[in-house]
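Enquirer: I would like to see how this sequence folds:
(one chain, ligands or ions: 2)
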Amino acid sequence: MSRRDQIKTARRWVIKIGSALLTNDGKGLNYAGIAHWAEQMAELKKQGIELVLVSSGAVAAGMTRLGWSERPTELHRLQAAAAVGQMGLIQNYEAEFARFGLHTAQVLLDHDDLSSRERYLNARSTLITLLELGVVSVVNENDTVVTDEIRFGDNDTLGALVANLIDADLLVILTDQDGMFDADPRSNRAAKLISEVAAAAPSLDAMAGDGGSLGRGGMITKVRAARVAARSGADTIILGGRQDNALKRLASGDNIGTYLWADQEPQAARKRWLAGHLQTRGTLVLDDGAVAVLSGQGKSLLPVGVKAVQGTFRRGDMVVCTDSSGREIARGLVNYSIGDARKIIGQPSSQITVLLGYQSDEELIHRDNMVLS
Ligand SMILES: Nc1ncnc2c1ncn2[C@@H]1O[C@H](COP(=O)(O)OP(=O)(O)O)[C@@H](O)[C@H]1O
Ligand SMILES: N[C@@H](CCC(=O)OP(=O)(O)O)C(=O)O
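Expert: Ligands and ions are numbered 1, 2, ... in the order given. Okay, the predicted model is just below:
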């Protein structure tokens, strides 16, 4: 059995449709495209495939509705355009799926939703309930409330986190190119399509180049998304959405697009949630001994193994642990604020009460709250 045969057995898909494709290269929403993808998705559902849709396009659709020809640079104008455009986007999906007797649901998520454990579990239960009800969820970033600082920034990342959230088997990233090439095909006509490779392959980073123009991320965010999806064991396909029946052909085993297979053991759900935190509040610089016990033995991090702390974190915030050269070793939820952490680093845990007047935990980061990088 070739690796690609896995695709035919994938029963739960997340399908992400990118801005570049949805907006016909910036010339308004691609209505014919939406109708064609909806028809194919209805067909896949008939074949027993469960699916969640992650769709971009709100800003572009809003710009068209508002008669703006230039993409604004101010965040608030982008947010206003997204709020207007999301209506058009959802109306279209609703109408197209209704033709096949399917209900749709709008799900808007932001980073805070996925970093709070309670909200993460709520989002998960809602999406899984919608799947059980046979409803097509249409997910986008909640553009109205996010600031640049806490944006996912691109829907490739959001698609991968949704794949983690619902334990999808496959993340399909529909875009304007036929897949990932060994160089950007817009600027290099000799570029060749990559058929399949491990998501973790380091060679992918150089081939992905910089971000795209219309959409926000280009190929590099798709490669990173494939690596995030792989954490829960999901494979990724980067697929050309302009090809006829691309989704149906994929499901029937056609060798199209670029297949980025998951090449790691799936992480436990809690570790995945920890690893999915994009915002970190500080850094703990470890000594060599702490690096060795964390990496080699999966132990908790004690204050004695920390040489320096940076940032503005409070108890419970996500921080990064690095070695002395700045290389990330792990990340996790810290048990002390930066002020208290400064007083106890380099000291044995038995001294915490003496130094702080209280002790909440003997570790700076407990191993259950930590994930190796
Ligand atoms: N190696 C590559 N293979 C394919 N496309 C690439 C590559 N490197 C850069 N790109 C660019 O990435 C673009 C797709 O990314 P993007 O515009 O963000 O799309 P989307 O909105 O679908 O996420 C392509 O149009 C292409 O110009
Ligand atoms: N939330 C934004 C989408 C962000 C975006 O463009 O993402 P992508 O399609 O990955 O380049 C919107 O709906 O306009």
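
Enquirer: With adjacent residues omitted, what lies nearest to Lys258?
Expert: Actually, residue 258 is Thr. It isn't Lys. Gly179 (3.7 Å; CB to CB, 6 or more residues apart in numbering). C-beta: built from backbone N, CA, C; applies to glycine.

Enquirer: Quickly find the element holding the one you found.
Expert: Here Gly179, judged by DSSP states H and E, is contained in no helix and no strand.

Enquirer: the strands in this protein, which residues?
Expert: For the chain, the strands defined by DSSP state E cover 12-17, 50-55, 104-109, 136-141, 170-175, 196-198, 235-240, 258-261, 282-286, 306-311, 318-322, 328-333, 370-372.

Enquirer: Turn those strands into JSON lines, columns for mean pLDDT, distance to Thr129 and mean neighbour count.
Expert: Below are those laid out as JSON lines (pLDDT from 0 to 100; distance: least, CB to CB, whole Å; neighbours: other CB atoms under 10 Å):
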{"stretch": "strand 12-17", "mean pLDDT": "98", "distance to Thr129": "14", "mean neighbour count": "26"}
{"stretch": "strand 50-55", "mean pLDDT": "98", "distance to Thr129": "12", "mean neighbour count": "24"}
{"stretch": "strand 104-109", "mean pLDDT": "97", "distance to Thr129": "10", "mean neighbour count": "18"}
{"stretch": "strand 136-141", "mean pLDDT": "97", "distance to Thr129": "10", "mean neighbour count": "23"}
{"stretch": "strand 170-175", "mean pLDDT": "97", "distance to Thr129": "21", "mean neighbour count": "28"}
{"stretch": "strand 196-198", "mean pLDDT": "96", "distance to Thr129": "34", "mean neighbour count": "17"}
{"stretch": "strand 235-240", "mean pLDDT": "98", "distance to Thr129": "25", "mean neighbour count": "26"}
{"stretch": "strand 258-261", "mean pLDDT": "97", "distance to Thr129": "29", "mean neighbour count": "25"}
{"stretch": "strand 282-286", "mean pLDDT": "97", "distance to Thr129": "37", "mean neighbour count": "22"}
{"stretch": "strand 306-311", "mean pLDDT": "97", "distance to Thr129": "38", "mean neighbour count": "17"}
{"stretch": "strand 318-322", "mean pLDDT": "96", "distance to Thr129": "28", "mean neighbour count": "22"}
{"stretch": "strand 328-333", "mean pLDDT": "94", "distance to Thr129": "28", "mean neighbour count": "21"}
{"stretch": "strand 370-372", "mean pLDDT": "92", "distance to Thr129": "28", "mean neighbour count": "20"}
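
Enquirer: The ones you listed: which one's closest to ligand 2?
Expert: strand 136-141 (4.2 Å; CB to the nearest ligand atom).

Enquirer: any low-confidence regions in the protein?
Expert: Applying pLDDT under 70 to the chain flags the ranges 1, 25-27, 149-150, 210-217.

Enquirer: Where do the domain boundaries of this protein fall?
Expert: The record's domain parsing of the chain by automatic domain parsing lists 5-272, 280-372.

Enquirer: Number of residues surrounding the closest residue to Ala80 other than its chain neighbours?
Expert: Distances taken as CB to CB, 6+ apart place Gly62 nearest to Ala80, at 7.2 Å, with adjacent residues excluded. Gly62 has 24 neighbours, counted by other CB atoms under 10 Å.

Enquirer: Could you check how far Gly62 is from ligand 1?
Expert: The gap separating Gly62 from ligand 1 is 16 Å, by CB to the nearest ligand atom, to the nearest Å.

Enquirer: Repeat that for Asp288.
Expert: Counting by CB to the nearest ligand atom - Asp288 and ligand 1 are separated by 38 Å.

Enquirer: is it true that that residue touches Asp323?
Expert: Yes: judged on CB atoms under 8 Å, Asp288 makes contact with Asp323 at a distance of 7.3 Å.

Enquirer: okay, these two: which has more neighbours?
Expert: Asp323 (18 against 10).

Enquirer: neighbours of the residue lying closest to the more buried one once chain neighbours are set aside, just the number please.
Expert: Spatial nearest neighbour of Asp323, chain neighbours left out: Val291 (4.9 Å); criterion: CB to CB, 6+ apart. Val291 has 19 neighbours, counted by other CB under 10 Å.

Enquirer: again with Ala80
Expert: Number of residues near Ala80 (other CB under 10 Å) recorded here: 17.

Enquirer: Can you dump the C-alpha atoms of stretch 106-124 in CSV for me?
Expert: This file holds the C-alpha atoms of stretch 106-124, laid out as CSV (Å, rounded to 0.1, in the frame of the first residue of the first chain):
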residue,chain,number,x,y,z
GLN,A,106,-20.9,29.7,11.2
VAL,A,107,-18.0,29.2,13.6
LEU,A,108,-15.7,32.1,14.3
LEU,A,109,-12.6,31.4,16.4
ASP,A,110,-9.8,33.5,17.7
HIS,A,111,-6.5,32.6,19.4
ASP,A,112,-7.8,33.1,22.9
ASP,A,113,-10.6,30.5,22.2
LEU,A,114,-8.0,27.9,21.6
SER,A,115,-5.5,28.8,24.3
SER,A,116,-8.1,28.7,27.2
ARG,A,117,-8.5,25.1,28.0
GLU,A,118,-12.2,25.5,28.7
ARG,A,119,-13.0,27.3,25.5
TYR,A,120,-10.9,24.9,23.5
LEU,A,121,-13.0,22.0,24.9
ASN,A,122,-16.2,23.9,24.2
ALA,A,123,-15.1,24.6,20.6
ARG,A,124,-14.2,20.9,20.2
